[in-house]
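>>> Fold the following, please.
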Amino acid sequence: MCGTVGKATILGSLAHAIIKRLSHKQQLSVRIMTDTSKSHFNTIAKTYNEEVADHVRNHLIQKWWGLVGHYFREHCGVIDIGCGEGSNACFLEDKGMEVVGVDASEELIKHGSKRYPQLTGKIRVGDALSLDFDDNKFDVATLIGVLHHIYSRDDQLKAIREALRVVKPEGTVLIRESNLVNPLFRLFWNYIFPLTAKIDKFGGENWIPMKYLTGFFGGQVDSVQFFTFIPSFTPQWMLPVATKIEHRLESGRFSNLAAHYVLALKK
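Numbers count the residues shown, from 1 in each chain. Presented below is the predicted three-dimensional model:
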């Protein structure tokens, strides 16, 4: 009997050691991948603003605002998590918001402060997984195209929880991510967009499905919306016609096949 107990104890200790080792390796792997993402954006910082044409970027932010503008009020406090150079933060400030932006890339923050002087001191280096702000500080937190650059599902959820932590009671967290329900956009995001811009890696990022988030956060989900059928390489001269086609698709039964989804969570 003692021998059986001894063997069980040894096996239990061995299993614990193996699990601990695997957990350490997984944490190390995630940390390396996170550092790789940061290094990638530091590398492309000088050309980051050129990766997506201005007319496409403006189209996307205007479409996004049309869907979520009602969550903001003038002079409300906003934190833009993963702000990059600060183009979205600049847009929100022009709308009358009091904006703070954080990004892991020191180079993006440096270039953004030069490109948007009005954001100097308002955008800073920061970690989406450990925000250096008190609880209940902001009215709205935005995560615009950020989560898929976090290479662990647990850390993606941690980033969302951090966003929820720093917004006030009844505050809102707005998440915009790529929608891969449409197989054409799945092909586009994984293999075509990376050839036209250096932002995402060829073969795909750590895409997080909308249904996963709605299932996980359940009762905190306030709204889910889909938008844009216009790819990033659309030339400016084609935009007026493409926009009319897009509007019909967004208004019809195929709206859930659009390129992006916006998820609003309430605290």
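>>> Spell out the residue ranges of the helices in the chain.
2-43, 54-68, 87-94, 106-115, 153-166, 183-187, 193-196, 210-217, 239-251 (DSSP state H).
>>> Now the last one: average pLDDT?
With pLDDT averaged residue by residue, helix 239-251 scores 94.
>>> what's the angle from it to helix 54-68?
Put simply, helix 239-251 runs at 30 degrees to helix 54-68, going by axes from the mean of the first three to the mean of the last three Cα atoms, to 10 degrees.
>>> I'd like to know which elements helix 239-251 is packed against.
helix 54-68 (3 or more Cβ pairs under 8 Å, 6 or more residues apart in numbering; DSSP states H and E). Where you see a C-beta, it was placed from the backbone N, CA and C, and this is true even at glycine.
>>> Any idea which of the helices of the chain gets closest to residue 142?
Taking Cβ to Cβ, helix 87-94 is the member of the helices of the chain nearest to residue 142, at 6.9 Å.
>>> quick one: buried residues of that closest one?
Using 16 or more other Cβ atoms under 10 Å as the test for burial, helix 87-94 gives 87, 88, 89, 90, 91, 92, 93.
>>> try stretch 169-182
Neighbour-count burial for stretch 169-182, counted by 16+ other Cβ under 10 Å, picks out 171, 172, 173, 174, 175, 176, 177, 178, 179, 180, 182.
>>> gap between residue 124 and residue 248?
Distance, residue 124 to residue 248, by Cβ to Cβ, to the nearest Å: 42 Å.
>>> the more surrounded of the two?
residue 124 (15 against 10; other Cβ atoms under 10 Å).
>>> how close does that one sit to residue 187?
To residue 187, residue 124 is 37 Å away according to Cβ to Cβ.
>>> what residues are up against residue 145?
82, 176, 177, 178 (Cβ atoms under 8 Å, 6 or more residues apart in numbering).
>>> Surely residue 142 touches residue 84?
No - judged on Cβ atoms under 8 Å, residue 142 makes no contact with residue 84 at a distance of 11.7 Å.
>>> Neighbour count: those two, which is higher?
More crowded of residue 142 and residue 84, by other Cβ under 10 Å: residue 142, with 28 against 24.
>>> measure that one to residue 92 for me?
8 Å.
>>> Are there residues contacting both of the two? Which ones?
Common neighbours of residue 142 and residue 92 (Cβ under 8 Å, 6+ apart) are 78, 80.
>>> State the distance from residue 260 to residue 135.
Look at residue 260 and residue 135: by Cβ to Cβ, they are 30 Å apart.
>>> Could you check which of those two has the larger neighbour count?
Counted by other Cβ under 10 Å, residue 260 and residue 135 do not tie: residue 260 has more neighbours, with 21 against 10.
>>> So the more buried one sits against residue 181, correct?
No - using Cβ under 8 Å, residue 260 is not in contact with residue 181, being 11.1 Å away.
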